[in-house]
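[1] here is a sequence with its predicted model. Questions after.
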Amino acid sequence: MGAANPSRGDSRQKLDSLLGARKETLALYSELAALRPFSDVEDEVGVVLQEFCETLMDYTASAHFQLYRFIEDGTERREQVRKVAEKVYPSISITTEQFVNFNDKYDAGIDGKKFTALDNDLSSLGEVLADRIICEDQVIAAFAMRKNNPAEA
């Protein structure tokens, strides 16, 4: 049947969307981190922080809707992709929770009290982002393996 090619193209599109959201999140993370020390640039930090929170939530949603939902709902037929996704999904879930917690704390902006915590929270979030990327890259590599070895199902 001709369904294999659209499925492969659909997978590529989903991965491209996820990688685009990731790239935008990392760029804003870097922009925000570059504003340290935060108390010296309160107005600018607030603007970048709000944009970062929005982008972080878009990235989180993209990972779920572009990568994991079609694995969870059973439409992913490639066994290797499913195995890798099942292995890393618990870690992805933990990072998602941490992203949501960061967003809940900072999306409404910052005040003097939150400024003192932002530096540490942002550093911790950077580690969480790195962990998330490692997990996602394992799933992406499983997709790439399929692309490079079409004999696998």
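    That came through, no problem.
[2] so what does the helix or strand harbouring residue 61 touch, helix or strand wise?
    Remark: residue 61 resides in helix 42-62, with elements defined by DSSP states H and E. Contacting helix 42-62 under the criterion 3 or more CB pairs under 8 Å, 6 or more residues apart in numbering; DSSP states H and E are the following elements: helix 4-33, helix 79-106, helix 112-148. Bear in mind the C-beta positions are built from the backbone N, C-alpha and C, glycine included.
[3] now do 6 Å
    For helix 42-62, the elements it packs on are helix 4-33, helix 79-106, judged by 3 or more CB pairs under 6 Å, 6 or more residues apart in numbering; DSSP states H and E.
[4] which residues outside the lowest-mean-pLDDT helix or strand in the chain are in contact with it?
    Scoring the helices and strands of the chain by mean pLDDT, DSSP states H and E places helix 69-72 at the bottom, with a mean of 72. Residues outside helix 69-72 that contact it (CB atoms under 6 Å, 6 or more residues apart in numbering) are 76, 85.
[5] run the last query once more with 7 Å
    76, 81-82, 85 (CB atoms under 7 Å, 6 or more residues apart in numbering).
[6] go on, stretch 29-41?
    44-45, 48-49, 52, 115, 118-119, 122, 126, 129.
[7] list the contacts for the nearest residue to residue 57 once chain neighbours are set aside?
    Of all residues not flanking residue 57 in the chain, residue 103 sits nearest, at 5.5 Å (CB to CB, 6 or more residues apart in numbering). Counting by CB under 7 Å, 6+ apart, residue 103 touches 53, 56-57.
[8] among these, which ones are buried?
    53, 56-57 (16 or more other CB atoms under 10 Å).
[9] and the nearest residue to residue 128 once chain neighbours are set aside, how far from residue 131?
    Setting aside the residues directly before and after it, residue 128 is nearest to residue 98 in space (CB to CB, 6+ apart), at 4.8 Å. Using CB to CB, to the nearest Å, we find residue 98 at a distance of 9 Å from residue 131.
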